[in-house]
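J.: pasting the sequence and the predicted coordinates here, then a few questions.
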Amino acid sequence: MAARATALLGGHAALASLLVLAAGAQCAPAQTASGVEVSTCGSCHGAAGEGMSASTSPRLAALPAAYLLKQLNAMADGTLPSPVMAPLARVLSPQERARLAAYYSALPPPPRGPALAATPGDDRLALHGRWALEIPACVQCHGSGGSGVGEIPALAGQPAAYIVAQLEAWKEGRRHGDPLSLMETIAPKLSAADMQAVAAYFAQAPWPGSAAEPARHAAAPEGLPGAVPGAAGSRTFVPSEEPIPDDEFGKVVRRGRDIFDNPGRYAARYVGNDLRCSSCHLDAGRRVGSAPMWAAYVSYPAWRAKNHHVNTFAERLQGCFRYSMNGRAPALGDPVLVALETYSYWMARGAPLDPNIAGRGYVKPAKPALTPDFARGARLYAGSCALCHGEGGAGRRANDGSPAFPALWGANSYNWGAGMVNVGKAAGFIKSNMPFSRGDTLSDQEAWDVALFVDSHERPQDPRYTGSVAQTRARFHDGDDSMYGLTVNGSVLGSHAMAPGPRPRRSDPAAR
């Protein structure tokens, strides 16, 4: 449930003492933020900035200062309408707004607060989404545990009534300003029960890192509803919703699912970046248009031109670790491969053995009328991709330090041997799935342009590197829609590639 920086201070809160201060009136002694009086802020936001459900006022404590400042500035200049806050923010100087933001950011995170009644399954939308309706998991945009990602607001520990009020405002069209229209697209699909469930889950989730922090990863749902269209508009196979059995076999299925969702935690010795299997295979490997794992499972063994022999499914998984994860391949029979193969088998039960099964792989858009262009792609990336993946393509981390959005180039991305360096394949993934929850909104031309832009940046070297970029291109990349070995902006791609393979990685707090 991605929302940009317009979420947490909107519409309902008052910082009454600020108006008094700006008017030069006298107030009783109270806490100050480097000269900015904050004593009566607590009347709406709580004495410790924890937020108040009764007034649907958000918590301010421990939110990033840059985020809080952006909200105050937006209310001051009118881009974030708020009949209560706007006049208060306008009378503050830029310096006073900055001091106020710094003050609340430095407050300790609140403990677990009161919430709406939570019931089993409240975590389903928050942690896993409902991809049949194009609803990604809230945490995929709002960060692990709802901790927030840069300008995308934190949800953890927010009063439940506040979260519900904001979702209702998005749904009813009373809130605007999301630059990618993600929340404006998602919120109308939510029922009142959905909103209550999401609010109940996050209201009970304290700020990540606090002493009261619960287990970060609840069990994934055993199945998600809804058939999805195949590549030609036909109905395609849908994985069973039968619960994973509570036995030794089921333990391995669950282990595979956990590895798939977070290899940096559960298979760390084999990965060299922060990508997750679910970065390219959305909806826990179920989603058509995103190379679903059930379709891959029934398509192997198969001949692969990439390594010139018949590959088993386990060998195909090895390649993912070596190239897409920029790591090293687990040995055949390794428990990591066994678990991933078992998880894929579980999803594929009932599917026909068919290498051409509807829904397999990525749907490659037709070649566009205009040759894909770096400059056009750069403009599209800035407008539609940088919010999540960063202006420099390095990805973004949640406010708790855990990986949020994957890097698309640079040292922490997939290497030059990965399938995504094929511009057509990248265009297919982008066309079907990006921006989040708004797949198929880019034209074929736009998908090709932005894919070429992404794949025209340096990244870790192809592990098959021969010692010569030209030879490596001729052997592995020629005629493969790959930019490897081509000159872009005066530089031969691959000539300045980083060494491939695992490198010291920033730890994921989820693994602690």
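T.: That came through, no problem.
J.: how's the protein carved up into domains?
T.: The record's domain parsing of the chain by automatic domain parsing lists 16-106, 123-203, 248-348, 374-492.
J.: nearest to G501, out of these?
T.: domain 248-348 (5.6 Å; Cβ to Cβ). Any C-beta I mention is one placed from the backbone N, CA and C, and that applies to glycine too.
J.: tell me the most buried of the domains of the chain?
T.: Among the domains of the chain, ranked by average contacts under mean count of other Cβ atoms under 10 Å, first place goes to domain 123-203 (a mean of 22).
J.: in a markdown table: the domains of the chain, plus mean pLDDT and distance to I357.
T.: Output for the domains of the chain, formatted as a markdown table (pLDDT from 0 to 100; distance: least, Cβ to Cβ, whole Å):
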| stretch | mean pLDDT | distance to I357 |
| --- | --- | --- |
| domain 16-106 | 73 | 45 |
| domain 123-203 | 90 | 19 |
| domain 248-348 | 96 | 5 |
| domain 374-492 | 96 | 17 |
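J.: let's have these in a markdown table, adding distance to R360.
T.: As requested, those are exported to a markdown table (distance: least, Cβ to Cβ, whole Å):
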| stretch | distance to R360 |
| --- | --- |
| domain 16-106 | 41 |
| domain 123-203 | 17 |
| domain 248-348 | 4 |
| domain 374-492 | 12 |
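J.: so which of those is nearest G361?
T.: Closest among those, using Cβ to Cβ: domain 248-348, at 5.2 Å.
J.: kindly check the end-to-end length of the closest one for me.
T.: Domain 248-348 has an end-to-end distance of 19 Å (Cα to Cα, to the nearest Å).
J.: going forward, the N-terminal residue is numbered 2.
T.: Renumbered: residue one is now 2, and that last one reads domain 249-349.
J.: show me how far it is from its chain's centre.
T.: The chain centre lies 19 Å from the centre of domain 249-349; the measure is Cα atoms, centre = their mean, to the nearest Å.
J.: of the domains of the chain, which is nearest T237?
T.: Each of these has some distance to T237 by Cβ to Cβ; the shortest is domain 249-349, at 5.8 Å.
J.: in a strand, that's where G486 is, yeah?
T.: No: using DSSP: H, G, I helix; E, B strand; the rest coil, the assignment for G486 is coil, not a strand.
J.: sorry, back to before: and P503, which of the domains of the chain is closest to it?
T.: Among these, domain 249-349 sits nearest to P503 (Cβ to Cβ), with 3.9 Å.
J.: and the strands in the stretch 202-351 of the chain?
T.: 303-305, 310-312 (DSSP state E, counting those that start in this stretch).
J.: R255 is nearest to which of those strands?
T.: Set against R255 and scored by Cβ to Cβ, these come closest in strand 310-312, at 26.1 Å.
J.: tell me the strands beside that closest one, with direction?
T.: Sheet pairing of strand 310-312 (DSSP bridges) gives strand 303-305 (antiparallel).
J.: run through who's touching the strand it pairs with.
T.: By Cβ atoms under 8 Å, 6 or more residues apart in numbering, the surrounding residues in contact with strand 303-305 are 310-312, 317, 356.
J.: and what of stretch 485-496?
T.: Contacts for stretch 485-496 (Cβ under 8 Å, 6+ apart): 375, 417, 422, 457-459, 462-463, 470-471, 473-474, 477-478, 484.
J.: for those, which one is nearest P59?
T.: For these, the nearest to P59 is H458 (37.6 Å; Cβ to Cβ).
J.: next up, the contacts around the closest one.
T.: Going by Cβ under 8 Å, 6+ apart, the list of residues near H458 reads 394, 409-411, 494.
J.: could you dump the residues you listed to CSV with secondary structure?
T.: Formatted as CSV, the contacts of H458 follow (three-state DSSP):
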residue, secondary structure
G394, coil
L409, coil
W410, coil
G411, coil
L494, coil
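J.: distance-wise, check the most centrally placed residue in the chain relative to S279.
T.: Among the residues of the chain, the one closest to the centroid is Q141, at 3.6 Å (Cα atoms, centre = their mean). As judged by Cβ to Cβ, to the nearest Å, Q141 and S279 stand 9 Å apart.
J.: swap in A359?
T.: A359 sits 22 Å away from S279, going by Cβ to Cβ.
J.: list the contacts of N434.
T.: Residues in contact with N434 (Cβ under 8 Å, 6+ apart) are 283, 288, 290-291, 440.
J.: for those, which one is nearest R176?
T.: Closest approach to R176 among the contacts of N434 (Cβ to Cβ): G440, at 23.0 Å.
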